[in-house]
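Enquirer: Any chance you can model this:
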Amino acid sequence: MSGNNGEFSFADVPAGPFHLRVTAPGFDTQQYWGQIQPGQALLVPPIKLPVTGGVTEVNVGGSPEEIAQIEVKQELQQRVFGFIPNFYVTYTTDPPPLFAKQKFNLAWKSVIDPVTIAGVAFLAGVYQASDTPGGYGQGAEGYGRRFGAAYGDVVFGTFIGSAILPSVLHQDPRYFYLGPDYSMKKRWEHALANSVIARNDRSKKWEPNYSGIIGSFAAAGISYTYLPASDRTTGLYLEDALVRLGESSVAGILQEFILRKFTSHVPKQSAVSP
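Expert: Residues are numbered from 1 along each chain as shown. This is a model prediction of the structure:
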């Protein structure tokens, strides 16, 4: 141990040659050789340790899951016109991959949002006015069935296509905004491909959007089971699944070219390369 002045002292050192070797983690080792006479008090010149050369890795901000949680917290503040949820888009440069916990959290926050529920209620009213599907009938009971079916579509579609399958297949359910730094052609291609490509959580490479494609058909299949028997047709099932896929491409176009300027709490960076 050093003394109060930071110097090291060695007592009762025998006369003759000596060798000092000084080491510390992260620094280059330094050595000093000398000769001490009987009864001599020798003051060794100051020994300075230079920092070890090479690559030093510094982790800032916590674990990958903690960083992903911060990212999701930011996305949960994103709202079009300040009130419409816009959670499933990232404007961050090279955003961290989401863990299953964050994917389910995004899905849960999305389906229980009051604006989502209000939108379902409005859609059920439109279906009620057009008597679609006709098997639900009219009146309060008919409206309740339409609301339940429409809300079920939102819940099943969101959890299957944006939480369950993305967690199992390690795919990111969000839209990755490119922005004006890219050519118009690249942005259109990226937006239209939103329904058929997704970024892999592990490799960060783009691959077929198995989560979205399988999820669309799975959600359409579940929706088909609670339709009135008189309204069930194979063609309707396929149409529902394809419409869900088409909606993803439309959503990509809106995200890439329109919604950003109306979305609150948007980071200033553009997103990763496609």
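Enquirer: can you count the residues close to the closest residue to Thr90 other than its chain neighbours?
Expert: Excluding the flanking residues, the one nearest Thr90 by Cβ to Cβ, 6 or more residues apart in numbering is Arg174, at 5.0 Å. Quick note: C-beta positions are derived from backbone N, CA and C, even for glycine. By the criterion of other Cβ atoms under 10 Å, Arg174 has 24 neighbours.
Enquirer: likewise Pro166?
Expert: The burial count for Pro166: 27, using other Cβ under 10 Å.
Enquirer: Would you quantify the distance from it to Arg145?
Expert: Per Cβ to Cβ, to the nearest Å, Pro166 is found 30 Å from Arg145.
Enquirer: Kindly report the same for Arg187.
Expert: In this view, Arg187 and Arg145 are 41 Å apart by Cβ to Cβ.
Enquirer: give the contact list for Tyr210.
Expert: By Cβ atoms under 8 Å, 6 or more residues apart in numbering, the contact set of Tyr210 is Leu165, Leu169, Gln171, Ala198.
Enquirer: among those, who's most crowded?
Expert: Ala198 (26 neighbours).
Enquirer: partner residues bridging that one?
Expert: Note on Ala198: beta-bridge partners Glu207, judged by DSSP bridges.
Enquirer: give the contact list for it.
Expert: Counting by Cβ under 8 Å, 6+ apart, Ala198 touches Pro166, Gln171, Asp172, Pro173, Trp206, Glu207, Pro208, Asn209, Tyr210, Ser211, Gly212.
Enquirer: got JSON lines for the residues you listed, with distance to Ser223, secondary structure and pLDDT too?
Expert: Compiled in JSON lines, the contacts of Ala198 are given as follows (distance: Cβ to Cβ, whole Å; DSSP: H, G, I helix; E, B strand; the rest coil; pLDDT from 0 to 100):
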{"residue": "Pro166", "distance to Ser223": "20", "secondary structure": "helix", "pLDDT": "97"}
{"residue": "Gln171", "distance to Ser223": "22", "secondary structure": "strand", "pLDDT": "97"}
{"residue": "Asp172", "distance to Ser223": "25", "secondary structure": "coil", "pLDDT": "97"}
{"residue": "Pro173", "distance to Ser223": "19", "secondary structure": "coil", "pLDDT": "96"}
{"residue": "Trp206", "distance to Ser223": "29", "secondary structure": "strand", "pLDDT": "95"}
{"residue": "Glu207", "distance to Ser223": "27", "secondary structure": "strand", "pLDDT": "96"}
{"residue": "Pro208", "distance to Ser223": "23", "secondary structure": "strand", "pLDDT": "97"}
{"residue": "Asn209", "distance to Ser223": "20", "secondary structure": "coil", "pLDDT": "95"}
{"residue": "Tyr210", "distance to Ser223": "20", "secondary structure": "helix", "pLDDT": "96"}
{"residue": "Ser211", "distance to Ser223": "18", "secondary structure": "helix", "pLDDT": "96"}
{"residue": "Gly212", "distance to Ser223": "16", "secondary structure": "helix", "pLDDT": "94"}
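Enquirer: which residues touch Phe262?
Expert: Contacts of Phe262 by Cβ under 8 Å, 6+ apart are Val80, Phe81.
Enquirer: ok, it to Ala149 distance?
Expert: 30 Å.
Enquirer: now do Val266
Expert: Distance of Val266 to Ala149, computed by Cβ to Cβ: 34 Å.
Enquirer: Kindly report the same for Phe18.
Expert: 88 Å.
Enquirer: Neighbour count for those two, which is higher?
Expert: Between Phe18 and Ala149, counted using other Cβ under 10 Å, the more crowded position is Ala149 (18 against 15).
Enquirer: Assumed the more buried one was part of a strand.
Expert: No - read with DSSP: H, G, I helix; E, B strand; the rest coil, Ala149 is helix and lies in no strand.
Enquirer: so where does the residue positioned nearest the centre of the chain fall, helix or strand?
Expert: Centroid-nearest residue in the chain: Leu98, 3.9 Å away (criterion: Cα atoms, centre = their mean). Counting by DSSP states H and E, no helix or strand carries Leu98.
Enquirer: Give me the nearest residue to it, chain neighbours excluded.
Expert: Ala68 (5.3 Å).
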